[in-house]
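A.B. asks: here is the input, now give the coordinates:
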Amino acid sequence: MSTVLNLTQATHRGRTKFRLQQFEQRKAERDKIVMVTAYDSTSARLAELAGVDVILVGDSVAMVCLGHETTLPVTLEEMLHHSKAVSRGARTPFLVGDLPFLSYHGTPEDAVQSAGRFLKEAGMDGVKLEGGSERIPAVRAMVSAGIPVMGHLGLTPQKVRQLGGFRPQARTAEAAKILLQDAKLLQDAGVFSLVLESVPEEVAQRVTEELVIPTIGIGAGLHCDGQVLVWHDLLGLTEGFRPPFAKAYCQLGQEVIGGLERFRDEVREGSFPAPAHTRQMDSDELLKFQEESQSC
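C.D. replies: Okay, the predicted model is just below:
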């Protein structure tokens, strides 16, 4: 059994599940919420070991894992696939599945059917969707069906074509006012928390102060009730462009390349596998095999 699995079991014994009711409690106690994205069982286990509160199976998987230029192409089935893997890897964080583009844009009943699969099939504790007032009927329907919903305002990547790229939002007084109004509408509709992405710090602070539910910022300043970063960005695994608000806490990408290069060199020079990495046959069985294989 792997060391990671042993440590994970110890973590399960020492920690309790992060529950839905703790979101507002954390805000009231001014205790910051820590959220990261994860897309597979291994990353989910590691996030749990690090003491992360919330894991988001983000539709950003389309870009950081599947090679797409935007989040738009990822399908509901793909999101469910990755969500199932994450739920097998982590038990104590609150798990949120990201509803992909067009999976909740039809009727409220359609949204409930899509969202329900994340809880029923993938082991998620809740779902996240993007948008403001236009999503209220879907949010109300999902909450009424017993599905916890996280909102997302500001830079909403599923509207990247409409926004003209991944650009900061709510930079004018009018846009900021609309965002605040949308935040209140989402809260009234029953969302349990709200992601604010790439908006001015002053706007995020005002929204945070006005809401009872917690805000989770990404590129929205220090005053949000929690913070989230994409797995690949915070671990230095992103190649090329990285959002200016994303901080790399280590450079695993370079470590990975270095390890692969060392493996390449040892294979080519014949030093791997060494005796320590090789199984030997019992001498009696080897002799018997050599004798009997003569007739093959």
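
A.B. asks: can you tell me which residues contact the closest residue in space to residue 221 that isn't next to it in sequence?
C.D. replies: Residue nearest to residue 221 in three dimensions, not counting chain neighbours: residue 201, with 2.9 Å by CB to CB, 6 or more residues apart in numbering. (Glycine included, C-beta is placed from N, CA and C.) Applying CB atoms under 8 Å, 6 or more residues apart in numbering to residue 201 gives the contacts 220, 221, 222, 223.

A.B. asks: and for residue 142?
C.D. replies: Contacts of residue 142 (CB under 8 Å, 6+ apart): 108, 111, 112, 115, 127, 149.

A.B. asks: surely it is within a helix?
C.D. replies: Yes. Using DSSP: H, G, I helix; E, B strand; the rest coil, the assignment for residue 142 is a helix.

A.B. asks: how near is it to residue 186?
C.D. replies: Separation of residue 142 from residue 186 (CB to CB, to the nearest Å): 12 Å.

A.B. asks: what's the answer for residue 46, then?
C.D. replies: Residue 46 is 31 Å from residue 186, by CB to CB.

A.B. asks: which outside residues touch the helix or strand where residue 255 lies?
C.D. replies: Residue 255 belongs to helix 252-269 when assigned by DSSP states H and E. Residues outside helix 252-269 that contact it (CB under 8 Å, 6+ apart) are 235, 236, 237, 238, 239, 272.

A.B. asks: in that helix, what's buried?
C.D. replies: By neighbour count with 16 or more other CB atoms under 10 Å, helix 252-269 contains no buried residues.

A.B. asks: residue 141 contacts residue 109, correct?
C.D. replies: Yes. Contact criterion CB atoms under 8 Å: residue 141 and residue 109 qualify, at 6.9 Å.

A.B. asks: ok, how many other residues are close to the closest residue to residue 230 other than its chain neighbours?
C.D. replies: In space, not counting the residues next to it along the chain, residue 230 is nearest to residue 37; the distance is 5.0 Å by CB to CB, 6+ apart. Residues near residue 37, counting by other CB atoms under 10 Å, number 26.
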